[in-house]
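Enquirer: here are the coordinates; sequence isn't available:
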C-alpha cells in the first residue's frame, strides 16, 4: 500500500433533533462489573442536543457518532501518522495509477448472519455515487466504475489518481440486502442498523443508548467491552463525577479535575490533531507580500500563544505543515529547527522594512506615515482560539501594529473564510496525515476559487506553479520513495513561501480510565487518535483488555 495517499478526514459531530420522551435510567458510573456480569463501558462519544435522535445512517450528517462502531471501512487510517491498517480488505494494490484492487477478508458476516461479499462493497460505492449528498468522503469524483470478481473489488478510476485509493478505502460499507430496499437513502435514518462491526444497537432512548457486543464479529476475541453506555448529557462535571471510561473532552485543568477524581486510574492524552494557523488572503496587499508574511511569522512567540490558547497542552507548530512528532518520519531535515520559526523581533522588523513598513515612535507605519492595521477573523465563542488571537494581537501591538479582531458567529466565519471575505483568518490546516490532501488543501490549485465563490480548501488563494506541479506528480506516482521526496519539497515551499503562518497544534482531547480497561492509546503507544468518532475508534475497541 502507498503510505502517503490522500485521506479525507471528514469528522463531524452533528447536531441532532430534539425529541420528547420519558427519561430512561441513566448509568452514573462506568465499570466492568455490570449487573449481569458483562463488561460495561461508560463513554462520552456522542452528545444529545439535548437529546438523541435515532439516526444510524452512516452517511448522514446527522448520524450518531457511534455508527462507525457498527459499520466498518475497508482500511482504517491513523490520521496522526498516516499509517494504514487493513480492515474489511486484507490488502489492496494499484496495478496502475487508474486501477485499485481490494482483496476482501474472508469469514466476515453482517450482524444478521448474512455473508459480507464483494457485491456489498460494489453496491455501497454505487449507492454513494448515485446519491452525492451521502458521499461524505468524496469518492464519486474519483470512481468511474466498480466491479466484483470473487472476493475482490476492482475500482476503475476516472483518471490516474494514486491518492484516491485511501479515500475510497475509508468508506463505511453497508449491506446490499438491507439497503437495496430503501426508498430514499438520503433521508433514511436506519433506526435498526445491521453492520459488520464489533457492536450492534441495544436499548435506545432520547436520553441514553447502549451498544452491545456483536458476538459473531470477525474478531470478537479482541473486543473487551460487552456493552457501551452512551448518555446524552456529557458535561465536564458529568465526566469527572460519574466515572467515565472514555471521553473526548477538553478540560481547562485536567490534572486537578479528571486526574484528581481517580489518580490511580484516570489518564489523558492530548496529542496534536491539526495545525492552527493564520491564513493570509493572497489577493490583498500587504498579505500577498512574502516579506510581510515573514515579518508576521518572526514577530510571534508561538509557544506563548499555544500556552495561552490551549493551557500548555499542545506545542507551537512547525511551519513545515506537518504534525510533529507523529509525522517526523517524513520531515524535511533541511528545514532548520524542524521548521519551527522562533520569535526574532529584529528579523521581523527587517522583513517589515523590506515590505515598506518602519517603526516611527511606538507605531509601525507605511511610507505615508499610516500605522499598519491588520484584521484577523476568528469565530466568536471559540474561547481557546480567542485567547490565542489575543496573544497574537498583544505581540504584534508590541512592535507597533494595530490589530483588529473580527469575531463573526461560526456559520458566518465559515462563509467568510470560504468566500475569501477576510484579510487574515485563523483556521485549521492539515490534520489528515496524508500529504496530498494536507498540502493540496493548504495551497493547491485543485482547491483554488475566485474571491466571492466558495472554496473547500486553499482559503488564502495561494498560487504556486511549483507546488501544483509537485501535487500533480504526487497524484500519479506509485513510487513510495518519490512520494516522500515530494512531500518534503512541499514542506520547503510551505516553510519558505508561507501560504499560512503556523501557530500551534490543535489538540485531540482524550480522557481514559484504566479502572476497568487497559490498552488505551498514548504518547508512548500512539496506535490511534483518542477521538471517539469516524474510523480510529475501531482500533481502540479491538485493542483494549479488561483490567485485572
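Expert: Received, thanks. Not measured: the values here are computed from a predicted model.

Enquirer: Please make it C-alpha for all contacts and neighbour counts, starting now.
Expert: Will do.

Enquirer: so how far is residue 321 from residue 341?
Expert: Distance from residue 341 to residue 321, counting by C-alpha to C-alpha, to the nearest Å: 12 Å.

Enquirer: When the two are compared, which one has more neighbours?
Expert: Regarding residue 341 and residue 321, a neighbour count based on other C-alpha atoms under 10 Å identifies residue 321 as having more, with 32 against 24.

Enquirer: hang on, the more buried one packs against residue 491?
Expert: Yes. Counting by C-alpha atoms under 8 Å, residue 491 is a contact partner of residue 321 at 6.3 Å.

Enquirer: Just list the residues touching the nearest residue in space to residue 498 that is not next to it in sequence, thanks.
Expert: In space, and not counting its chain neighbours, residue 498 is closest to residue 293: 6.8 Å by C-alpha to C-alpha, 6 or more residues apart in numbering. Taking C-alpha atoms under 8 Å, 6 or more residues apart in numbering, we find residue 293 in contact with 280, 287, 498, 501.

Enquirer: so residue 293 sits in a strand?
Expert: No. Under DSSP: H, G, I helix; E, B strand; the rest coil, residue 293 falls outside any strand and is assigned helix.

Enquirer: if I look at it, how far off is residue 285?
Expert: The value you get for residue 293 to residue 285, if C-alpha to C-alpha is used, is 11 Å.

Enquirer: next one: residue 67
Expert: Distance from residue 67 to residue 285, by C-alpha to C-alpha: 46 Å.

Enquirer: Give me the more crowded residue out of these two.
Expert: Neighbour totals were compared for residue 67 and residue 285, and residue 67 leads with 26 against 11 (other C-alpha under 10 Å).

Enquirer: Can you classify that one by secondary structure?
Expert: Assignment for residue 67 (three-state DSSP): helix.

Enquirer: what's the distance between it and residue 219?
Expert: 18 Å.

Enquirer: One more: residue 466?
Expert: 46 Å.

Enquirer: quick one: low-confidence ranges for the stretch 1-150 of the chain?
Expert: Applying pLDDT under 70 to the stretch 1-150 of the chain flags the ranges 1-37.

Enquirer: mind listing the strands in it by residue range?
Expert: 40-44, 75-78, 83-86, 89-96, 99-104, 143-149 (DSSP state E, counting those that start in this stretch).

Enquirer: Serialize those to a markdown table and add fields for distance to residue 51 and mean neighbour count.
Expert: Listed next are the strands of the stretch 1-150 of the chain as a markdown table, based on distance: least, C-alpha to C-alpha, whole Å; neighbours: other C-alpha atoms under 10 Å:
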| stretch | distance to residue 51 | mean neighbour count |
| --- | --- | --- |
| strand 40-44 | 14 | 25 |
| strand 75-78 | 30 | 25 |
| strand 83-86 | 34 | 17 |
| strand 89-96 | 36 | 16 |
| strand 99-104 | 38 | 22 |
| strand 143-149 | 38 | 17 |
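
Enquirer: Isn't residue 146 up against residue 168?
Expert: No. At 11.3 Å, residue 146 and residue 168 do not qualify as touching, with contact defined as C-alpha under 8 Å.

Enquirer: and the next element down the chain from the host helix or strand of residue 307?
Expert: Take DSSP states H and E as the rule and residue 307 turns out to sit in helix 302-310. Using DSSP H and E, the helix or strand that directly follows helix 302-310 along the chain is helix 345-354.

Enquirer: picking up where we left off before, so which of the contacts of residue 293 are in strands?
Expert: Of the contacts of residue 293, the ones assigned to strands by DSSP state E are 280, 501.

Enquirer: Now for the contacts of residue 293: which two are most distant?
Expert: Using C-alpha to C-alpha, the contacts of residue 293 reach their maximum pairwise distance at 287 and 501, which is 11.3 Å.

Enquirer: These two: who's more crowded?
Expert: A count of neighbours by other C-alpha under 10 Å puts residue 501 above the other of residue 287 and residue 501, at 29 against 20.

Enquirer: So that one sits against residue 319, correct?
Expert: Yes. Contact status for residue 501 versus residue 319: in contact at 6.8 Å, counting by C-alpha under 8 Å.

Enquirer: For the helix or strand of the chain with the lowest mean pLDDT, name the packing helices and strands.
Expert: Here the helix or strand of the chain ranked lowest by mean pLDDT, DSSP states H and E is helix 410-419, holding a mean of 88. Applying 3 or more C-alpha pairs under 8 Å, 6 or more residues apart in numbering; DSSP states H and E, we find helix 410-419 packed against no helix or strand.

Enquirer: contacts for it?
Expert: By C-alpha under 8 Å, 6+ apart, helix 410-419 touches 377-381, 407, 422, 425, 451-457, 459.

Enquirer: Same check on stretch 270-280?
Expert: 80, 287-288, 293, 313-314, 317, 321-324, 423-432, 459-460, 499-510, 523, 529-530.

Enquirer: Are any of those residues buried, and if so which?
Expert: Buried by 16 or more other C-alpha atoms under 10 Å: 80, 287-288, 293, 313-314, 317, 321-324, 423-432, 459-460, 499-510, 529-530, out of the contacts of stretch 270-280.

Enquirer: can you list the strands of the stretch 1-150 of the chain in a markdown table and add distance to residue 206?
Expert: Shown next, in a markdown table, are the strands of the stretch 1-150 of the chain (distance: least, C-alpha to C-alpha, whole Å):
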| stretch | distance to residue 206 |
| --- | --- |
| strand 40-44 | 15 |
| strand 75-78 | 30 |
| strand 83-86 | 34 |
| strand 89-96 | 35 |
| strand 99-104 | 37 |
| strand 143-149 | 38 |
